[in-house]
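quick one, what's the 3D model for this:
(one chain, ligands or ions: 1)
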Amino acid sequence: MKKIAIINGPNLNLLGKREPHIYGSQTFEAYFKQLQADFPKLSLQYFQSNMEGELVTKIQEVGFELDGIVINAGAYTHTSIAIADAISAVPAPVIEVHISNVYARETFRHHSYLAPVCKGCIVGLGLEGYKLALMALLN
Ligand code: DQA
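Predicted structure coming up:
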């Protein structure tokens, strides 16, 4: 059974109540249950933190053990060399997800430090992006 971690960064604990016109009205906890039901053949774990260092530590922890990581680093996507370095350091394939279409938003959201060190990126397809990332890792 493949083991995959989904890692969400800052403010993504507020999904469901945070700017629902951009991020939708579903909580990630509810969506995660749906993912577990949709992928019975995957062992999924979920981690969220608002702190950059905790995200780095989690990537280090799971990146040598699991078969893949799906990460939405939130605003750290646009600022964090430390998270990019952690992704580069681990052998697990990492897929970057963004719920909103960052390219249709402010220019500071157009650059990702993580994209060049990820296997691929899924942007702007809502929560469905996490499902698509799992499908990619499964294959
Ligand atoms: C986000 C996009 C980021 O620019 C933003 O800071 C987020 C969420 C997304 O999923 O669309 O927190 O990563």
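
show me what from this protein comes close to the ligand.
Neighbours of the ligand within the chain, by C-beta under 6 Å from any ligand atom: 11, 72, 74-75, 77, 98-100, 102, 109. (Glycine included, C-beta is placed from N, CA and C.)

so what's the residue nearest the centre of the chain bridging to?
Centroid check for the chain by C-alpha atoms, centre = their mean gives residue 71 as the closest residue, at 2.1 Å. Legend: beta-bridge partners of residue 71 under DSSP bridges are residue 7, residue 96.

tell me where this protein has strands.
Assigned by DSSP state E, the chain shows strands spanning 2-8, 42-48, 68-72, 94-98, 120-123.

now distance to residue 30 and mean pLDDT too, for those, in TSV please.
Below are the strands of the chain laid out as TSV (distance: least, C-beta to C-beta, whole Å; pLDDT from 0 to 100):
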stretch	distance to residue 30	mean pLDDT
strand 2-8	14	98
strand 42-48	12	98
strand 68-72	16	98
strand 94-98	17	98
strand 120-123	20	98
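
using TSV, please lay out those strands together with distance to residue 59.
Formatted as TSV, the strands of the chain follow (distance: least, C-beta to C-beta, whole Å):
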stretch	distance to residue 59
strand 2-8	7
strand 42-48	10
strand 68-72	7
strand 94-98	8
strand 120-123	16
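
ok, which of those strands comes nearest residue 114?
The closest of these to residue 114 is strand 94-98. By C-beta to C-beta, the value is 5.1 Å.

residues making contact with that closest one?
Residues outside strand 94-98 that contact it (C-beta atoms under 8 Å, 6 or more residues apart in numbering): 59, 63, 68-73, 77, 87, 112, 114-115, 117-124, 129-130, 133, 136-137.

stretch 82-89 too?
With contact meaning C-beta under 8 Å, 6+ apart, stretch 82-89 is reached by 52-53, 55-56, 59-60, 63, 69, 71, 73, 76-77, 94, 113-114, 116-118.

selection in ChimeraX covering whichever of the residues you listed are buried, please.
Here is the ChimeraX selection string for the buried members of the contacts of stretch 82-89, based on 16 or more other C-beta atoms under 10 Å:
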select :52,55,56,59,63,69,71,73,76,77,94,113,114,117,118
